[in-house]
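> pasting the structure only:
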Ligand code: 0WE
């Protein structure tokens with residue numbers, strides 16, 4: 001594998017730190033010759049992501065994906081920096097911590113809406129603002145999880161948001177296909193990122209998956225990243241509206 005993304009420009013949303021799946025994807029895109037822009041959210045992440053961006057010669061911009069005005073500014077900044085986009089990776093999710101521990105039945109209206117806004121609605125907003133930069137077609141990829149289609153203890157409101165995200169992938173793929181823009185999701189097995197920190201029994205979950213998954217191990221960030229490369233590259237040209245499992249085979253188990 002070499003230079004599968006030569007000559008392409010990619011935008012990656014959702015790098016928080018070195019453990020982020022978005023960072024593994026950024027490194028793989030860089031390895032394959034892509035020109036990169038990264039976005040981060042909020043002052044707390046600015047210095048970390050600027051430093052990471054420096055390592056890959058990436059343009060680093062701030063963007064809160066719940067604000068259309070920020071997405072419009074991002075689109076304008078990218079146009080100013082030289083125009084086109086060939087690939088977008090959306091690797092963003094959030095639910096209130098208490099909604100990932102108490103019973104799903106106790107999810108508040110506001111907690112439900114926050115999870116939907118940040119984790120699902122943002123994909124549509126990103127597509128609306130940034131697909132206009134994909135004049136030569138392109139690829140939009142998001143990250144999802146098995147909890148969208150099966151009950152995973154405590155995933156709760158995030159499972160509902162990921163279900164909406166996956167349905168959004170299909171509707172966007174259908175509408176954007178005619179302009180050569182493909183839309184897909186990668187359903188990654190659990191990975192110990194900052195998002196997983198503090199989730200009750202997460203280490204036990206990882207052990208349980210590694211024991212039972214057909215490949216008898218957990219998912220590595222680099223495997224998710226290489227699948228994102230495939231989807232963004234010409235190799236993925238026939239794939240749209242799909243949810244690709246990169247999970248050591250765990251999803252196929254019934255018992
Ligand atoms: O999508 C995710 C993580 C989503 C997530 C995690 C947090 C923790 C900190 C969204 N919002 C927050 N908000 C916080 O305040 N995953 C696929 C990882 C994950 O999270 C889980 C999992 C798995 C797997 C939560 C409960 C059960 C399983």
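In hand now; what should we look at? What you see is a predicted model; the values in this text were computed from it and never measured.
> All the strands of the chain, residue numbers only.
Secondary structure of the chain by DSSP state E: the strands cover 9-13, 35-40, 59-62, 87-90, 138-144, 181-188, 243-246.
> tell me how far the fifth one is from the chain's mean position?
In terms of CA atoms, centre = their mean, to the nearest Å, the centre of strand 138-144 is set 7 Å apart from its chain centre.
> buried sites along that strand?
Neighbour counts over strand 138-144 (16 or more other CB atoms under 10 Å) mark 138-144 as buried. The way it works is simple: take the backbone N, C-alpha and C, and place the C-beta from them, glycine included.
> Pipe these into a markdown table and attach pLDDT per row.
Conversion of those to a markdown table gives the following (pLDDT from 0 to 100):
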| residue | pLDDT |
| --- | --- |
| 138 | 98 |
| 139 | 98 |
| 140 | 99 |
| 141 | 99 |
| 142 | 99 |
| 143 | 98 |
| 144 | 98 |
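> would you turn those residues into CSV with distance to residue 68?
Conversion of those to CSV gives the following (distance: CB to CB, whole Å):
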residue, distance to residue 68
138, 20
139, 23
140, 17
141, 21
142, 18
143, 22
144, 23
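> Max pairwise distance over those: which two?
Using CB to CB, the buried residues of strand 138-144 reach their maximum pairwise distance at 138 and 144, which is 19.5 Å.
> In space, what's closest to residue 95 - neighbours in sequence excluded?
Leaving aside its chain neighbours, residue 95 sits nearest to residue 115 (4.1 Å; criterion: CB to CB, 6 or more residues apart in numbering).
> residues touching the one you found, list them.
Residue 115 sits next to 93-96, 99, 157-158, 160-161 when contact means CB atoms under 8 Å, 6 or more residues apart in numbering.
> next one: residue 72
Contact partners of residue 72, counting by CB under 8 Å, 6+ apart, are residue 129.
> That one and the ligand, how far apart?
As defined by CB to the nearest ligand atom, to the nearest Å, residue 72 lies at a distance of 26 Å from the ligand.
> Give me the pLDDT value at that residue.
Reading off the confidence values, residue 72 has pLDDT 98.
> tell me which parts of this protein are close to the ligand?
Where the chain comes near the ligand, counting by CB under 6 Å from any ligand atom, the residues are 93-95, 97, 100, 145, 152, 154-155, 158, 190, 195-196, 199.
> got JSON lines for the residues you listed, with neighbour count and pLDDT too?
Below are the residues of the chain next to the ligand laid out as JSON lines (neighbours: other CB atoms under 10 Å; pLDDT from 0 to 100):
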{"residue": "93", "neighbour count": "20", "pLDDT": "98"}
{"residue": "94", "neighbour count": "17", "pLDDT": "97"}
{"residue": "95", "neighbour count": "23", "pLDDT": "98"}
{"residue": "97", "neighbour count": "11", "pLDDT": "96"}
{"residue": "100", "neighbour count": "19", "pLDDT": "97"}
{"residue": "145", "neighbour count": "24", "pLDDT": "98"}
{"residue": "152", "neighbour count": "15", "pLDDT": "97"}
{"residue": "154", "neighbour count": "19", "pLDDT": "97"}
{"residue": "155", "neighbour count": "22", "pLDDT": "98"}
{"residue": "158", "neighbour count": "23", "pLDDT": "98"}
{"residue": "190", "neighbour count": "23", "pLDDT": "98"}
{"residue": "195", "neighbour count": "21", "pLDDT": "89"}
{"residue": "196", "neighbour count": "14", "pLDDT": "90"}
{"residue": "199", "neighbour count": "16", "pLDDT": "92"}
